[in-house]
Structures are given as C-alpha cells and as structure tokens.
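K.L.:
Let's see this in three dimensions:
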Amino acid sequence: MAIEKVAIVGRGAVGLLHGTVIAEHLGCDAVEFVMDDERFARKGADAVMVNGSPCPIRTIPASAATPVDLVILTVKGPGLAGALDTMEPLVGPDTKIMSLLNGVMSEERVAERYGWQRTVISITQGMDAVFIGGELTFSHPGEIRFGAAPGTEPGVVEDIDGFLDRAGIVHAVEEDIRHRIWTKLMLNVGVNQTCMVYGGTYGSVCDEDGEQYRSLVAAMREARVVARAEGVAVTEDDLTQMVELLRTLDPEGMPSMAQDRINRKPTEVEEFSGTIIRLAERHGVLVPQNRWLYAQIRAIEAAW
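P.N.:
Below you'll find the model as predicted:
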C-alpha cells in the first residue's frame with residue numbers, strides 16, 4: 001500500500017533534516033511532527049530554522065494526532081520510552097514504523113509495543129547536521145539504510161522503499177541489516193563518544209596525529225570485537241570505511257553527543273559504550289577504552 005502521510009516523532013536534528021527533505025519533494029501536507037501534549041505546550045509553537053529558513057512543517061500534540069501510513073522515530077535514546085507513548089494515536093492497522101535511533105536495541109522495544117510485523121530495522125548515516133539554539137544546519141543529508149527483521153511482513157520494506165524514492169531521501173535496502181546497524185554502532189561508539197569527551201569535531205577526531213583519533217579507533221576496534229562475539233562479522237575494512245566516511249563530513253561539524261555537551265542534554269551513552277560494556281562482560285571481552293569513555297561522559301553529565 002502506497003505511503004502518503006508520515007508522522008515524525010522527534011523534532012531534533014535527524015527529524016528536522018528528514019522532514020525538510022520530505023516536505024521539499026512531497027509538500028508539507030505529507031509530513032508532520034508530533035509531540036506529547038506537555039512538551040507541545042512548552043515547545044510546540046517555538047520556531048525552528050533549517051539552513052537559515054523557517055521550518056514550514058506543522059507540529060501537533062499527540063492528543064490531536066490520527067493514524068498515519070508511516071511513523072518515523074527520531075528521538076534520542078533517553079526519549080524512546082516517552083516516544084512509544086506519544087506515537088500510540090498514530091498507529092493504525094496498516095501503519096509502518098521506522099526507528100532512526102542510534103544503537104542496536106530500539107527496534108526491539110518498538111516491536112514489543114507495536115509488533116515486528118510493521119517494523120523495519122534501520123539506521124541513518126553520513127549526515128553532518130548540527131542543531132543548536134533552535135537552528136539546524138547541514139550540508140550532507142546522509143542516507144538511510146534499512147531492511148526487514150525476521151518478523152517483518154512482506155511488502156513493508158517495499159512500501160517504505162517506494163516512499164523514500166518519492167520523498168527524495170537517499171537510501172538503500174540491506175539484505176544483512178544486522179551487519180549494517182552494528183557497523184553504525186561501531187562508528188558511533190568511536191566518534192560520538194570521543195567528540196563528546198574532548199569537545200571535538202569531525203575535523204579534530206580525524207587528525208591522525210591526535211589523541212582523539214587514537215580514541216576513535218581504539219573504541220571502534222573494541223566494538224568490532226564485541227560485534228564478532230555476538231555473531232556479526234564486522235571487519236577491519238568496515239572500520240576503515242567508517243573512518244573514511246567521517247573524512248567526507250564538514251570538519252567544523254560535530255556528532256550528536258558533542259552537541260548534547262553544548263546543549264547540556266542527556267546523552268546516548270547507554271546505547272553506545274553502555275551496550276558494548278554489557279555485551280563485553282557477557283562474552284569475556286576487554287573494552288578499556290569504552291569503559292574510560294563511559295566514565296568520562298558520566299562525569300561530564302554529573303557536572304551539569
């Protein structure tokens with residue numbers, strides 16, 4: 001069934017970027033942002049800017065929402081539990097769900113609530129979006145990679161694929177999506193956490209003579225070992241490709257956790273090193289760099 005109406009839960013960098021692209025190609029009637037009622041009362045009317053222009057997409061409270069064809073989740077990890085409640089009025093019998101959250105666990109939590117039959121596994125990568133003080137800037141919109149979970153019903157992936165084509169969003173359907181999400185987790189474990197701890201940028205973390213670069217690679221290698229212990233064949237070539245991807249981004253840009261440090265917002269450390277540490281303990285794997293990054297991030301958060 002063709003997807004015509006989309007709701008995005010999460011009006012941050014990822015949500016604004018993809019919502020803007022959808023609106024440019026399909027019009028503002030094709031997409032809306034949905035907030036829980038309390039947050040809408042505080043922030044729903046706040047103007048946000050996207051690359052210097054006001055965002056034209058409407059935002060509505062959950063109490064005014066009705067079922068849509070596709071729900072896209074773009075909140076941060078700490079906001080997932082609330083988002084699952086917020087999206088309830090959006091989910092009808094034929095609604096499909098795509099989660100663009102970081103980490104490897106969000107789809108499981110979505111499926112526990114709404115079922116695997118309508119849910120795909122997905123990641124977004126390659127964007128250089130920065131959202132600070134109500135202003136989003138980006139030069140690289142990145143891409144979405146997604147694929148079917150074992151329980152995803154036939155046709156769901158094809159319907160979402162067709163919609164993303166019409167919406168002008170660069171994407172690819174993955175045959176082995178589990179390998180892709182672990183490769184993305186490996187990248188995030190390195191770049192997000194390192195830039196958060198050091199206050200770094202894509203440029204500084206890619207400086208091969210610097211301490212940030214050593215942290216980036218060490219944390220990623222630990223994540224690669226844990227992935228393999230989990231049965232996912234993430235390779236050194238995957239690691240190299242992710243580092244090369246970082247080199248294509250705006251050197252003055254920064255990943256989301258570095259923005260969280262500036263905005264003093266809760267980070268996704270549990271989705272990154274928290275996950276790596278928990279799984280490493282299960283498999284008897286040593287992950288000292290991720291343990292150090294976890295401790296540093298929690299200390300920075302505590303200082304707020």
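K.L.:
What mean pLDDT does stretch 77-96 get?
P.N.:
When pLDDT is averaged over stretch 77-96, the result is 95.
K.L.:
got the contact list for that stretch?
P.N.:
By CB atoms under 8 Å, 6 or more residues apart in numbering, the residues outside stretch 77-96 that reach it are 1, 3, 7, 9-10, 34-36, 62-63, 65-71, 73, 75, 97, 101-103, 106, 109-110, 113-114, 118-120, 156, 159-160, 266-268, 270-271. C-beta: built from backbone N, CA, C; applies to glycine.
K.L.:
Mind checking which of those land in helices?
P.N.:
Among the contacts of stretch 77-96, the members found in helices (DSSP state H) are S106, R109, V110, R113, Y114, V156, D159, I160.
K.L.:
Buried among the contacts of stretch 77-96? Make that a ChimeraX selection.
P.N.:
A single ChimeraX command selects the buried members of those (16 or more other CB atoms under 10 Å):
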select :3,7,9,10,34,35,36,62,65,68,69,70,71,73,75,97,101,102,103,106,109,110,114,118,119,120,156,159,160,267,268,270,271
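K.L.:
tell me the helices in the stretch 101-250 of the chain, going along the chain?
P.N.:
106-114, 156-167, 177-198, 202-205, 211-229, 236-247 (DSSP state H, counting those that start in this stretch).
K.L.:
tell me which strands and helices the third one is in contact with?
P.N.:
So the one you mean is helix 177-198. strand 119-127, strand 141-148, helix 202-205, helix 211-229, helix 236-247, helix 256-263, helix 288-303 (3 or more CB pairs under 8 Å, 6 or more residues apart in numbering; DSSP states H and E).
K.L.:
ok, back up a step: for L26, find the nearest of the helices of the stretch 101-250 of the chain.
P.N.:
Taking CB to CB, helix 156-167 is the member of the helices of the stretch 101-250 of the chain nearest to L26, at 5.6 Å.
K.L.:
one step back: just flag the most distant two among the ones in helices among the contacts of stretch 77-96.
P.N.:
R109 and D159 (22.4 Å).
K.L.:
pLDDT below threshold where in the stretch 201-304 of the chain?
P.N.:
Of all residues in the stretch 201-304 of the chain, none has pLDDT under 70.
K.L.:
Quick one, which of the helices of the stretch 101-250 of the chain gets closest to Y294.
P.N.:
Nearest of the helices of the stretch 101-250 of the chain (CB to CB): helix 177-198, 7.9 Å.
K.L.:
right, and the helices of the stretch 101-250 of the chain - which one's nearest I144?
P.N.:
Using CB to CB, these put helix 156-167 closest to I144, at 6.6 Å.
K.L.:
Quick one: list the elements packing against the closest one.
P.N.:
Here helix 156-167 touches helix 13-26, strand 96-99, strand 119-127, strand 141-148, strand 171-173, going by 3+ CB pairs under 8 Å, 6+ apart.
K.L.:
Can you give me the buried ones in it?
P.N.:
V156, V157, D159, I160, F163, L164, A167.
K.L.:
In TSV: the ones in helices among the contacts of stretch 77-96, plus pLDDT and distance to M127.
P.N.:
TSV is the format used below for these (pLDDT from 0 to 100; distance: CB to CB, whole Å):
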residue	pLDDT	distance to M127
S106	88	18
R109	92	23
V110	96	22
R113	96	27
Y114	97	26
V156	98	24
D159	98	24
I160	98	19
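K.L.:
Stretch 104-124: end-to-end distance?
P.N.:
12 Å (CA to CA, to the nearest Å).
K.L.:
outside of that stretch, which residues touch it?
P.N.:
Applying CB under 8 Å, 6+ apart, the set of residues contacting stretch 104-124 is 14, 18, 73, 77, 80-81, 84, 91, 95-100, 102, 142-153, 156-157, 160, 177-178, 180-182, 184-185, 271, 275.
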